[in-house]
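>>> sharing a model that was predicted from the sequence below.
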Amino acid sequence: MANKKGITRRALLSGTAISIVPASSIAQSIGDESPSWMKTPGSSFNEYGFPSSQEKNTKREIFQPYEEYAPGSGVAMTPLEKLEGIITPNGLHFERSHNGVPNIDARQHELLIHGLVKNPLVFKMEDLLKYPMETKTYFIECGGNSFYNSNAFPIAIDRTCGSIHGLMSTSEWTGIPLKNILREAGVNKEALWLLAEGADSAAMSRSIPLEKALDDTLIALYQNGERIRPEQGYPMRLVVPGWEGNISIKWLRRIKLTKKPTYTKDETSKYSDLLANGKTLQFTFPMEVKSVITQPTAGPIPLKKGPIHITGLAWSGLGKIKKVEVSTDKGKTWKTADIDGANQPLSPVRFRFNWIWNGEECSIESRATDSKNNIQPQRKEWSIKYGLGHLYHNNSIQIWRITPDGKVFNEYDDLAQNEKWSEE
Ligand SMILES: Nc1nc2c(c(=O)[nH]1)N[C@H]1C(S)=C(S)[C@@H](COP(=O)(O)O)O[C@H]1N2
Ligand SMILES: [Mo]
């Protein structure tokens with residue numbers, strides 16, 4: 001809120017005075033007449049609430065590459081540029097499903113724990129609800145997030161923040177630590193891996209090292225306080241925090257303890273990283289340190305010269321965020337951004353940076369460093385490590401180019417590469 005002199009309270013406290021809206025324009029808009037909505041009673045109650053009808057454009061962007069024969073295979077992306085804070089509202093959590101959302105009857109659904117265990121166990125939902133639970137804020141990021149800026153797209157294409165990076169969402173997940181259930185089943189000494197399988201028609205299944213399962217993996221039953229949404233795995237899913245989203249098996253139905261990885265269909269041709277030398281990495285589990293400016297970003301409303309509040313998200317699958325830096329001069333100089341709220345491991349932070357745009361052509365970008373001192377790479381550094389067309393695990397820096405007319409565009413740092421491709 002601006003005070004009489006048009007100086008924000010926050011700016012006064014931090015010593016950098018930024019006048020966003022002149023106070024006189026606020027005063028003039030409040031006339032003597034009360035607005036129409038104060039003259040009739042308001043509408044009554046809803047059993048389950050919805051956002052304001054005026055916020056209809058805050059929605060997921062859907063991409064269904066095989067629409068005709070597999071409409072449930074694809075993604076719905078979180079509109080990161082329309083959201084604030086770190087938590088994703090449940091209705092806007094991104095969705096990546098390989099063959100649609102199964103219509104599971106929670107009363108019939110069962111979870112089987114078997115393989116190299118002393119006591120194979122079967123749980124119904126009502127059994128699981130009796131176990132002690134814990135609540136943690138974790139992000140889930142698809143291994144294929146930011147594929148529009150990957151080696152599959154050698155030229156930067158014009159898209160919004162959410163439609164490039166929106167396969168990342170954050171919830172407060174509540175559930176049962178998997179280690180407690182495994183302890184009850186009694187894991188045999190020779191078991192080093194487990195296979196987790198979903199109850200969808202894609203029967204998504206992945207191999208998980210036992211060490212991670214005994215560390216922080218959750219069987220999640222609640223998402224932001226309510227039971228998990230069907231799209232997110234109702235009635236139960238794995239949350240394997242910090243690791244590529246694919247491993248967080250939704251609609252969890254089976255965990256089998258094994259000696260070795262199972263090498264399922266979902267972890268051989270897919271989710272493996274093609275290197276520049278033609279070799280392929282079999283397993284890359286953690287999602288590495290990353291950040292993205294969510295505002296300002298490519299969009300329909302041009303920027304105006306003057307004060308601009310730059311904000312975004314930063315996260316790391318390997319720990320906490322140590323620092324976020326912002327550059328407004330094509331990466332020549334970097335300044336440390338403020339970090340908002342609690343900074344917890346494997347949970348994003350929101351960063352903020354007040355900037356004054358002089359109206360000239362420039363670019364803005366953010367660079368995160370995590371608690372293990374990993375620094376987010378430039379796109380050209382990231383890109384060169386991998387083969388042509390490779391798209392997984394892209395944590396490279398997002399650059400937003402601002403033109404003098406205030407328009408914002410997605411940009412690559414490797415302009416030579418851009419030109420090379422456009423000539424071919
Ligand atoms: N059973 C099952 N689990 C699944 C998937 C799936 O298609 N089926 N998709 C995976 C992928 S690729 C990702 S990125 C995450 C996405 O979780 P979300 O849809 O809740 O965002 O779920 C994973 N778990
Ligand atoms: Mo994914």
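Now that the structure is in, tell me what you want to look at. Ligands and ions are numbered 1, 2, ... in the order given.
>>> the residue of the stretch 51-200 of the chain found nearest ligand 2: neighbour count?
Residue of the stretch 51-200 of the chain nearest ligand 2, by Cβ to the ion: Cys142 (3.2 Å). In this view, the C-beta of every residue, glycine as well, is placed from N, C-alpha and C. Neighbours of Cys142 under the rule other Cβ atoms under 10 Å: 23.
>>> next up, the contacts around it.
Contact analysis of Cys142 by Cβ atoms under 8 Å, 6 or more residues apart in numbering lists Val75, Phe94, Arg96, Leu167, Met168, Glu244, Gly245, Asn246.
>>> how much space between it and Glu288?
Counting by Cβ to Cβ, to the nearest Å, the separation of Cys142 from Glu288 is 14 Å.
>>> likewise Ser44?
Taking Cβ to Cβ, one finds Ser44 at 50 Å from Glu288.
>>> so those two - more neighbours on which side?
Glu288 (23 against 5).
>>> that one contacts Lys372, correct?
No. The pair Glu288 / Lys372 is not scored as a contact, 9.7 Å apart, by Cβ atoms under 8 Å.
>>> once you drop chain neighbours, what's closest to Ser146?
Sequence neighbours aside, Asn394 is the residue nearest to Ser146 in space, at 4.3 Å (criterion: Cβ to Cβ, 6 or more residues apart in numbering).
>>> on that earlier part again, which among the contacts of Cys142 gets closest to Asp340?
Nearest to Asp340 among those: Met168, at 17.3 Å, using Cβ to Cβ.
>>> that closest one: neighbour count?
Neighbour tally, Met168, other Cβ under 10 Å: 24.
>>> hey, what's the residue nearest the centre of the chain bridged with?
Central residue of the chain (Cα atoms, centre = their mean): Met168, 1.5 Å from the mean position. Assessed by DSSP bridges, Met168 has beta-bridge partners Glu141.
>>> which residues sit in contact with it?
Thr78, Leu80, Phe94, Phe139, Ile140, Glu141, Cys142, Asn145, Leu313, Trp315, Pro348.
>>> need the per-residue pLDDT for it.
pLDDT recorded at Met168 is 98.
>>> next one: the one 4 residues further on
Per-residue pLDDT puts Glu172 at 98.
>>> I'd guess it is in a strand, am I close?
Yes. Assessed by DSSP: H, G, I helix; E, B strand; the rest coil, Glu172 belongs to a strand.
>>> run a quick neighbour tally on it.
15.
>>> any idea how far it lies from Ser371?
For Glu172, the distance to Ser371 - Cβ to Cβ - is 21 Å.
>>> could you do Leu218 as well?
Distance of Leu218 to Ser371, given as Cβ to Cβ: 21 Å.
>>> so the two - more neighbours on which side?
Leu218 (24 against 15).
>>> quick one: Pro404 and Asn358 touch, right?
No. Using Cβ under 8 Å, Pro404 is not in contact with Asn358; the gap is 10.0 Å.
>>> for ligand 1, give me its nearest residue in the stretch 101-250 of the chain.
Of all residues in the stretch 101-250 of the chain, Gly198 sits closest to ligand 1, at 2.2 Å by Cβ to the nearest ligand atom.
>>> list the contacts for that residue?
Met204, Ser205, Gly233, Ile249, Lys250, Trp251, Leu252, Arg253.
>>> now the two most distant members of the residues you listed.
Ser205 and Gly233 (13.9 Å).
>>> neighbour count: these two, which is higher?
Comparing Ser205 with Gly233 by other Cβ under 10 Å, the one with more neighbours is Gly233, at 26 against 18.
>>> the more buried one contacts Gly245, doesn't it?
No. The pair Gly233 / Gly245 is not scored as a contact, 11.3 Å apart, by Cβ under 8 Å.
>>> which residues of the stretch 201-350 of the chain lie near ligand 1?
Residues of the stretch 201-350 of the chain lying close to ligand 1 (Cβ under 6 Å from any ligand atom) are Ala202, Met204, Glu231, Gln232, Gly245, Asn246, Ser248, Ile249, Lys250, Trp251.
>>> from those residues, which single one is nearest Ser34?
Among these, Glu231 lies closest to Ser34 (Cβ to Cβ), at 42.2 Å.
>>> so Glu381, which of the three states?
Secondary structure assignment for Glu381 (three-state DSSP): helix.
>>> again, but for Ala368
Applying three-state DSSP: Ala368 is strand.
>>> what do you get for Pro102?
Per three-state DSSP, the secondary structure class of Pro102 is coil.
>>> go ahead and confirm it touches Ala202.
No. If you go by Cβ under 8 Å, Pro102 and Ala202 don't touch, sitting 9.3 Å apart.
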